[in-house]
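Participant: Show me how the following folds:
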Amino acid sequence: MRQARRQLFGAIAGAAIALAVPAVTPAETLTDTLIAAYRNSNLLDQNRAVLRAADEDVAIAVSSLRPVVNFILQGGYGYNEVTSQDQLIVNEALSGNAQLAVEMLVYDFGRTQLAIEATRETVLATREALIGVEQGVLLAAVAAFVNVRLSEELVRLGENNVRVIGEELRAAQDRFEVGEITRTDVAQAESRLAQSRSNLVAAQGELAIAREAYRAATGAYPGRLTAPPPPPITAASLEAARRVAERTHPTIRQAQRQANAAELNVGRARAGMSPTIGLSATAEQDDAGLNTYTFGLQFNQTVYAGGRLAAVLRQAMAQRDQARAALLQSIVTVSENVGNAWARLDVARVRIEATQQQIDAAQVAFEGVREEATLGARTTLDVLNAEQDLLDARAERLRAEASRYIGVYDLLSAMGLLTVEHLKLGIPVYDPAAYYNAVRNAPAHSPQGRRLDRIMRSIGGE
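Facilitator: Take a look at the predicted model:
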């Protein structure tokens, strides 16, 4: 019995201890941050919807090659008055008919087919634009992660500085009481402590801002963030980075697709000057039960349109030239961005080396000045200035390291490689071809249409 009580009390005590110990929140890695940004981005959802709308343009273009069937019901009421031999005769009649009309384009010299090809190129261009948005979302997530950690480090540095200067103030007050220093030295220490506290509040404010940026990028405030992993490999040289960017950057690939679409639109404009051939058929039944059937072949050639067709062609050619120039300019811009990112990364590397030397020198200077101050060869202000120089050097080192880390991902983005697949985040990615494959043949009510409904429900999270 006594042993059972001990076991009961032990279980109660164990449960109480378990409740008293707070649950350890798992640390968030940079990978977790990137995954959250990819999954929760409203910007990505917005541009995926833009892509789905562009996919439907292909279905709309394809539908032009299919018959159009119209069912028409007509009804009427007739009333007239006729005078015959001084008599007023009133005639009333109800009429109605049902008509089924079918129209189909037979041949338009490739105009519709060129429209289909042009819209397909536009779809592919929109896919590249979506990749560009993905790169921006991931880069913002990296910057948010690094800036939160940087702000936390700066807050800790500021807290430590307040503590150290507080100790300096207490030491100055002790030395003042024994007559080693003047009241001015104490006032200088008090002023510097107030300044350090102000700087700490500013650092805490920057941390709050960084947390808001993290929430905007990922959908939630950061928890306990781990140290970032080693940055990914970029390129061995600037020229190698530029070559990769020219092959893979979504801005260039988007401009290439847009140039292709513009070239196809020139062909469409030329084909617009050609005739079209169509078929028509109608089946009609009136209220008397009489059936009428008609079949027709239509040949339509615009003879004169007031110069509109020629203007459309010239406009398409100008838009083609614009797209070609935009493609060349996109290559120049992407190359410039790669060069700028590479330069910023080099600057960050040099800053890290320089700030480390600055820290080493400031540490030696601070220790020396503090030792000299105990011997009366230095003032309290000299010690405080040396402490501030060391603090500034450490803060600058932290900023340089953060700038270099973000710079690596900035360079990846400039090369067109900052994607979920390239980073190997290990999560399912959005398939831009799934919706396109479901709608490219313009389904209506068919098994393909039901498949499309399932895709829409999964996209909408229903």
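
Participant: What segments of the stretch 51-200 of the chain are helices?
Facilitator: Remark: helices assigned in the stretch 51-200 of the chain by DSSP state H, counting those that start in this stretch are 111-177, 183-218.

Participant: would you say Leu418 is within a helix?
Facilitator: No - the assignment for Leu418, made by DSSP: H, G, I helix; E, B strand; the rest coil, is coil rather than a helix.

Participant: gap between it and Ala210?
Facilitator: 21 Å (CB to CB, to the nearest Å). No exception for glycine: its C-beta is placed from N, CA and C like everyone else's.

Participant: circling back to that earlier point, dump the helices of the stretch 51-200 of the chain into CSV; add mean neighbour count as well.
Facilitator: Formatted as CSV, the helices of the stretch 51-200 of the chain follow (neighbours: other CB atoms under 10 Å):
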stretch, mean neighbour count
helix 111-177, 20
helix 183-218, 17
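
Participant: between the ones you listed, which gets nearest to Pro275?
Facilitator: helix 111-177 (10.3 Å; CB to CB).

Participant: And that closest one, what does it pack against?
Facilitator: helix 30-40, helix 42-63, helix 183-218, helix 250-271, helix 380-415, helix 420-423, helix 432-439 (3 or more CB pairs under 8 Å, 6 or more residues apart in numbering; DSSP states H and E).

Participant: Can you add distance to Leu154 and give these back as JSON lines?
Facilitator: Output for those, formatted as JSON lines (distance: least, CB to CB, whole Å):
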{"stretch": "helix 30-40", "distance to Leu154": "19"}
{"stretch": "helix 42-63", "distance to Leu154": "29"}
{"stretch": "helix 183-218", "distance to Leu154": "5"}
{"stretch": "helix 250-271", "distance to Leu154": "35"}
{"stretch": "helix 380-415", "distance to Leu154": "6"}
{"stretch": "helix 420-423", "distance to Leu154": "27"}
{"stretch": "helix 432-439", "distance to Leu154": "41"}
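
Participant: Next, format those as CSV and append mean pLDDT and distance to Val82.
Facilitator: Below are these laid out as CSV (pLDDT from 0 to 100; distance: least, CB to CB, whole Å):
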stretch, mean pLDDT, distance to Val82
helix 30-40, 95, 78
helix 42-63, 94, 50
helix 183-218, 92, 80
helix 250-271, 96, 56
helix 380-415, 92, 85
helix 420-423, 95, 82
helix 432-439, 90, 59
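
Participant: mind checking which of those helices is nearest Ala281?
Facilitator: helix 42-63 (18.6 Å).

Participant: For that closest one, buried residues please.
Facilitator: 44, 47-48, 51-52, 54-59, 61-62 (16 or more other CB atoms under 10 Å).

Participant: Nearest to Gly407 among those residues?
Facilitator: Distances from Gly407 to those, taken by CB to CB, are shortest for Leu44, at 23.8 Å.

Participant: Ile331 touches Ile252, doesn't it?
Facilitator: Yes - at 5.8 Å, Ile331 counts as touching Ile252 under the criterion of CB atoms under 8 Å.

Participant: Now the common contact residues for those two.
Facilitator: Both Ile331 and Ile252 are in contact with Glu246, where contact means CB atoms under 8 Å, 6 or more residues apart in numbering.

Participant: more neighbours, the two?
Facilitator: Ile252 (21 against 18; other CB atoms under 10 Å).

Participant: contacting residues for that one?
Facilitator: Ala245, Glu246, Leu327, Ser330, Ile331, Val334, Gly416.

Participant: again, 6 Å this time
Facilitator: Ser330, Ile331, Val334 (CB atoms under 6 Å, 6 or more residues apart in numbering).

Participant: Give me the three-state assignment for the closest residue to it other than its chain neighbours.
Facilitator: Distances taken as CB to CB, 6 or more residues apart in numbering place Ser330 nearest to Ile252, at 5.2 Å, with adjacent residues excluded. Taken by three-state DSSP, the conformation at Ser330 corresponds to helix.

Participant: For Val164, see how far away Ser330 is.
Facilitator: Distance from Ser330 to Val164, by CB to CB: 53 Å.

Participant: Dihedrals phi and psi, the closest residue to Thr31 other than its chain neighbours?
Facilitator: Leaving out its chain neighbours, the residue that sits closest to Thr31 by CB to CB, 6+ apart is Leu425, at 6.0 Å. With angles defined as degrees, to the nearest 10, Leu425 sits at phi -80, psi -10.

Participant: same deal with Pro67?
Facilitator: Torsion angles, degrees, to the nearest 10, at Pro67: phi -70, psi 150.

Participant: Please give the number of neighbouring residues around it.
Facilitator: Neighbours of Pro67 (other CB under 10 Å): 13.

Participant: Distance of it relative to Thr292?
Facilitator: 20 Å.

Participant: And for Ala93?
Facilitator: Counting by CB to CB - Ala93 and Thr292 are separated by 19 Å.

Participant: Arg397 now?
Facilitator: Arg397 is 91 Å from Thr292, by CB to CB.

Participant: between the two, who's got more neighbours?
Facilitator: Arg397 (19 against 11).

Participant: Export stretch 298-305 to PDB, keeping only CA atoms.
Facilitator: Included here for stretch 298-305 are C-alpha records, laid out as PDB according to Å, rounded to 0.1, in the frame of the first residue of the first chain:
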ATOM      1  CA  GLN A 298     -19.900  31.000 -97.800                       C
ATOM      2  CA  PHE A 299     -16.900  32.700 -99.400                       C
ATOM      3  CA  ASN A 300     -16.000  36.000 -97.700                       C
ATOM      4  CA  GLN A 301     -13.400  38.300 -99.100                       C
ATOM      5  CA  THR A 302     -13.000  41.900 -97.800                       C
ATOM      6  CA  VAL A 303     -12.500  44.100-100.900                       C
ATOM      7  CA  TYR A 304     -12.100  47.400 -99.100                       C
ATOM      8  CA  ALA A 305     -12.000  48.200 -95.400                       C
END
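
Participant: quick one: contacts of it?
Facilitator: Contacts of stretch 298-305 (CB under 6 Å, 6+ apart): Pro275, Thr276, Ile277, Gly278.

Participant: For the first one, which non-adjacent residue is closest in space?
Facilitator: To tie it back to what came earlier, the one meant is Pro275. Closest to Pro275 by CB to CB, 6+ apart is Gln301, at 3.8 Å.

Participant: Next, count neighbours for that neighbour.
Facilitator: So Gln301, with other CB under 10 Å, has 9 neighbours.

Participant: Kindly report the same for Thr355.
Facilitator: Count around Thr355 with other CB under 10 Å applied: 21.

Participant: What distance do you get for it to Ala395?
Facilitator: Taken as CB to CB, the span from Thr355 to Ala395 is 9 Å.
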